[in-house]
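**Q** model the structure of this input:
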Amino acid sequence: MSFAEALRQSRSAMLATVAVMVVVVTVSVGIAMGARTPDPSSGQPLALLGASGVLPRADSLSAEMLASLTEMHPARTVASSEDLAIPPVALQAYERTELVLAVRISECGLDWSLVAALGRVISDHADRDLDTRGRTLGAILGPRLDGSRGVPRIRDTDGGRLDGDTTWDRAAGAFQIIPAVWHRFGTDSDGDQTSDPHNVFDASLVAGRYLCDGQADLRTLLGQAEALFRYQRSEPFVRAVLGWSLAYQAADQQQSVPMEREELFPLPPAQSVVLPSEAPPAPAQLPEGAAKSPTSSLPRPDAPRSIVTPLPPPVESSGPPAPEPTSTPTPDPRVKPPSTTIPDPRPTTTRPPPVTTDPQPTTTRPPPVTTDPQPTTTRPPPVTTDPQPTTRAVVSSPVGDPGGG
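**A** As a prediction, this is how the structure comes out:
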């Protein structure tokens, strides 16, 4: 064998080895990514993605989370009672869900407050933008589940009827339910012969059915936590929903927040609602208007790990924030403040003269007598002169306090 032939064989062997290594690495990475990013269209389990198609953040509820269930307190859940207001049509839908499931799945024990909390955390009750029959004014859609960073890969399963996308699936509606889950649990709650994720009556009932699935018992906090974790495998999500649920219960029992309960339009009897095990009724057309993302109420990732973390309302800024009073430096009382748009309400003649023109320098004053209960008697005349001008300037000067003192 010549040297050239040996060299060619050696190169061929090296190339074959490299190719095998590339295949092995590619398969390994693919397996690892497949474990992190389930793809239901290729046979991966939907259970890992929950109802909304969100990548799991944990395999199970932690021992810390389970132990903290006994320490929940509704009074610390929200910033103020104003945050607990619910649009009347949404409240009617949540209570309708409780009624229907009490008839159809009585062993579940779902309370309307848990459904309301779910709607509050996921989309702020459909962004509080519902018509009189509970339909969103514009589709509420999650991100395209195309396998890009942070989202799973789910190819279209509904022909775009629920989410308007014929290539990839998207979570839809006030409760952000993906089409594959809607196909299994979709129901007509309001009797309009459609099963519509963009209708809060249908969507809340589907969300309630999902929570009750698998013989769940929602009469206990533990049962609620486990069901919510199935909905979305994230402990911050579970904490937030449980906190809002307790707050709604407490506000309703104490009547501290007016719950506007009214029958906006007649609904069929709860007994007439069918919970199909196969395909649900056909969905309605997508709502008119521009599609938008859900307004999530989840706490920030850096928020304290507590179920009772305060949940302030979304900030809607209309201009630059006003400066905090404590952020401005304390003015020097010895310096006369410049003229501003807020005039001094007191005559300037009563202000003490500047320190630099003080005819009686402080160095000429006698040392203070610590044993004298009335030190002013040892000071030189005139008596009417303020011996400590800086102290009076701090009290009477309106600088930094436009309202006067």
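**Q** next, count neighbours for residue 288.
**A** The tally of other residues near residue 288 (other C-beta atoms under 10 Å) stands at 9. For the C-beta atoms, the positions are set from N, CA and C on the backbone; glycine is no exception.
**Q** and the pLDDT at it?
**A** As predicted, residue 288 sits at a pLDDT of 88.
**Q** do I have it right that it meets residue 138?
**A** Yes. With contact defined as C-beta atoms under 8 Å, residue 288 reaches residue 138; the gap is 7.3 Å.
**Q** residue 158 should be in a helix, yeah?
**A** No. If the criterion is DSSP: H, G, I helix; E, B strand; the rest coil, then residue 158 is coil and not within a helix.
**Q** quick check, it in contact with residue 168.
**A** No. Residue 158 is beyond contact range of residue 168, at 10.8 Å (criterion: C-beta under 8 Å).
**Q** ok, the closest residue to residue 84 other than its chain neighbours to residue 167 distance?
**A** Using C-beta to C-beta, 6 or more residues apart in numbering and skipping the chain neighbours, the partner closest in space to residue 84 is residue 257 (4.5 Å). Remark: distance between residue 257 and residue 167 (C-beta to C-beta, to the nearest Å) = 44 Å.
**Q** the more surrounded of those two?
**A** Neighbours per residue, other C-beta under 10 Å: of residue 257 and residue 167, the larger number sits with residue 257, 18 against 9.
**Q** what helix or strand does the more buried one sit in?
**A** Using DSSP states H and E, residue 257 sits in no helix or strand.
**Q** got phi/psi on the residue nearest to residue 69 when sequence neighbours are not counted?
**A** Nearest residue to residue 69, sequence neighbours excluded (C-beta to C-beta, 6+ apart): residue 221, at 4.6 Å. In terms of degrees, to the nearest 10, the main-chain angles of residue 221 are phi -60, psi -40.
**Q** can you show me the helices along the protein?
**A** 3-36, 63-68, 88-104, 112-127, 179-185, 200-212, 221-231, 235-254, 389-396 (DSSP state H).
**Q** out of the helices and strands in this protein, which is least certain?
**A** Across the helices and strands of the chain, mean confidence by mean pLDDT, DSSP states H and E is lowest for helix 389-396: a mean of 36.
**Q** got the contact list for the closest residue to residue 115 other than its chain neighbours?
**A** Excluding the flanking residues, the one nearest residue 115 by C-beta to C-beta, 6+ apart is residue 94, at 4.6 Å. Taking C-beta atoms under 8 Å, 6 or more residues apart in numbering, we find residue 94 in contact with 86, 112, 113, 115, 116, 119, 204.
**Q** tally of neighbours for the third one?
**A** This points to residue 113. 22.
**Q** that one and residue 248 touch, don't they?
**A** Yes. The criterion here is C-beta under 8 Å, and residue 113 meets it with residue 248 at 4.0 Å.
**Q** neighbours of residue 82, how many?
**A** Residues near residue 82, counting by other C-beta under 10 Å, number 9.
**Q** change the start of the numbering to 47 and stick with it
**A** Let's use 47 as the start, then, which means that last one is residue 128.
**Q** quick check: it vs residue 201, distance?
**A** Taken as C-beta to C-beta, the span from residue 128 to residue 201 is 43 Å.
**Q** ok, residue 323 next?
**A** 24 Å.
**Q** of these two, which one has the most company?
**A** Taking other C-beta under 10 Å, residue 323 and residue 201 do not tie; residue 201 has more neighbours (14 against 7).
**Q** what score does residue 92 have for pLDDT?
**A** Reported pLDDT for residue 92: 78.
**Q** for residue 185, see how far away it is.
**A** 22 Å.
**Q** looking at the two, which one has more neighbours?
**A** Remark: of residue 92 and residue 185, residue 185 carries more neighbours, 20 against 16, as counted by other C-beta under 10 Å.
**Q** residues contacting the more buried one?
**A** Taking C-beta under 8 Å, 6+ apart, we find residue 185 in contact with 209, 210, 218, 244, 332, 333, 335, 337, 338.
**Q** tell me which two in those are the farthest apart.
**A** Between any two of the contacts of residue 185, the greatest separation by C-beta to C-beta is 15.1 Å, found for 209 and 335.
**Q** of the two, who's got more company?
**A** Neighbours of residue 209 and residue 335, each counted by other C-beta under 10 Å, are more numerous for residue 209; the result is 28 against 11.
**Q** that'll do, ta.
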